[in-house]
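J.: predicted model and sequence follow; I will ask about them next.
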Amino acid sequence: MVGDKRIQTRILPDYKLFKSEPQNDKYLIKELWDVFDQADIIIAHHGDGFDIKKSNARFVFHNLQPPSPYKSIDTLKIARKYF
């Protein structure tokens, strides 16, 4: 959120099932889905070509509905356009 000074970082070992099922990303993906669902804009470097596609694939895998509509800003596309 704009103006939110908290920085949260999470990795797979931070989630419940990691010790018993290290490949299970269900809780991480649910949290990522919540971020996408609340976002008006997603900014990522190569986001359109990789991150957003991979995220959407994991949402489908875990039977999550598509998040609310958002705009994306891909900084790689912007860099390539001008440099």
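T.: Structure received.
J.: quick check: which ranges of the chain have low pLDDT?
T.: 1-7 (pLDDT under 70).
J.: centroid residue for this protein?
T.: What sits nearest the mean C-alpha location of the chain, by Cα atoms, centre = their mean, is L32, with 4.7 Å.
J.: for that one, which non-adjacent residue is spatially closest?
T.: Closest residue to L32 apart from its sequence neighbours, by Cβ to Cβ, 6 or more residues apart in numbering: S55 at 6.0 Å. Backbone N, C-alpha and C define where each C-beta goes, glycine included.
J.: is it fair to say that neighbour lies in a strand?
T.: No. If the criterion is DSSP: H, G, I helix; E, B strand; the rest coil, then S55 is helix and not within a strand.
J.: mind listing what it touches?
T.: I29, L32, F36 (Cβ atoms under 8 Å, 6 or more residues apart in numbering).
J.: cool, and I52?
T.: I42, A44, S72.
J.: show the buried residues in the residues you listed.
T.: Restricting the contacts of I52 to buried positions leaves I42, A44, with burial counted as 16 or more other Cβ atoms under 10 Å.
J.: where along this structure do the helices fall?
T.: 26-38, 52-61, 75-82 (DSSP state H).
J.: what packs against the shortest one?
T.: Just to be clear, that refers to helix 75-82. Using 3 or more Cβ pairs under 8 Å, 6 or more residues apart in numbering; DSSP states H and E, no helix or strand is in contact with helix 75-82.
J.: begin at 41, not 1, for the rest of this chat.
T.: Sure thing, new numbering starts at 41, so read that last one as helix 115-122.
J.: show me what counts as buried in it.
T.: Under 16+ other Cβ under 10 Å, helix 115-122 has no buried positions.
J.: so what's the gap between that helix and the chain middle?
T.: 20 Å (Cα atoms, centre = their mean, to the nearest Å).
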